[in-house]
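Participant: with the sequence up front, the predicted model follows.
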Amino acid sequence: MKKEDSFHQRAIRAIKKIPRGKIATYGLIAAAAGSPRAARQVVRILHSSSDKYNLPWHRVINRDGKISLPPARGYELQKALLEDEGIVFSADDKIDFDHFLWSP
DNA sequence: CTCGTGACTCCCG
DNA sequence: TCGGGAGCCACGA
């Protein structure tokens, strides 16, 4: 398809493919981009290019099905956005992967 | 140019 | 069972 095989591009593409009402994990995005252990890079990309590339950063959470953001970082905002898309949180603020995890 | 950091994840002891 | 260390890549100073 495209020649640009940079992790950056692939990760962004993968993130943009996440459908509304679903969520993905950092590791999942990283794996989809070519490096299952490059979750940190996904984080960095979200920080640097979420607004720039219009990425649904709120649909990206950690492997526990929980939001990794500290409350001071926008945790509440992310939770609100997810709930607005129909995502349901458990009592532990966890998301049910069986229903909401996006699969590439 | 080099160095440090980061909303993570996996493996090993 | 739980804790610590290593790995991945990009970006800012």
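Facilitator: In hand now; what should we look at?

Participant: residue A:27 in helix, strand or coil?
Facilitator: Three-state assignment for residue A:27 (DSSP: H, G, I helix; E, B strand; the rest coil): helix.

Participant: my error: substitute residue A:64 in the last question.
Facilitator: coil.

Participant: the closest residue to it other than its chain neighbours and residue A:7, how far apart?
Facilitator: Among residues not flanking residue A:64 along the chain, residue A:94 sits closest, at 6.7 Å (C-beta to C-beta, 6 or more residues apart in numbering). From N, CA and C alone the C-beta is placed, and that goes for glycine too. From residue A:94 over to residue A:7 the distance is 28 Å, taken as C-beta to C-beta, to the nearest Å.

Participant: now do residue A:42
Facilitator: 9 Å.

Participant: before we move on, what about residue A:21?
Facilitator: 27 Å.

Participant: how many neighbours does residue A:99 have?
Facilitator: 12 (other C-beta atoms under 10 Å).

Participant: meant to ask about residue A:6
Facilitator: Residue A:6: 10 neighbours (other C-beta under 10 Å).

Participant: now do stretch A:94-103, average pLDDT.
Facilitator: Regarding stretch A:94-103, the rounded mean pLDDT is 91.

Participant: ok, and what's touching that stretch?
Facilitator: The contact list for stretch A:94-103, computed with C-beta atoms under 8 Å, 6 or more residues apart in numbering, reads A:18-19, A:21-25, A:28, A:59, A:61, A:64-66, A:82, A:87-90.

Participant: show the subsequent helix or strand relative to the helix or strand hosting residue A:44.
Facilitator: Using DSSP states H and E, residue A:44 sits in helix A:39-49. Using DSSP H and E, the helix or strand that directly follows helix A:39-49 along the chain is strand A:60-61.

Participant: helices or strands next to that following strand in the packing?
Facilitator: strand A:24-25, helix A:26-33 (3 or more C-beta pairs under 8 Å, 6 or more residues apart in numbering; DSSP states H and E).

Participant: name the nearest residue to residue A:78, sequence neighbours excluded.
Facilitator: residue A:58 (4.3 Å).

Participant: whoops, residue A:68 was the one
Facilitator: Nearest one to residue A:68, counting by C-beta to C-beta, 6+ apart, is residue A:62 at 4.3 Å.
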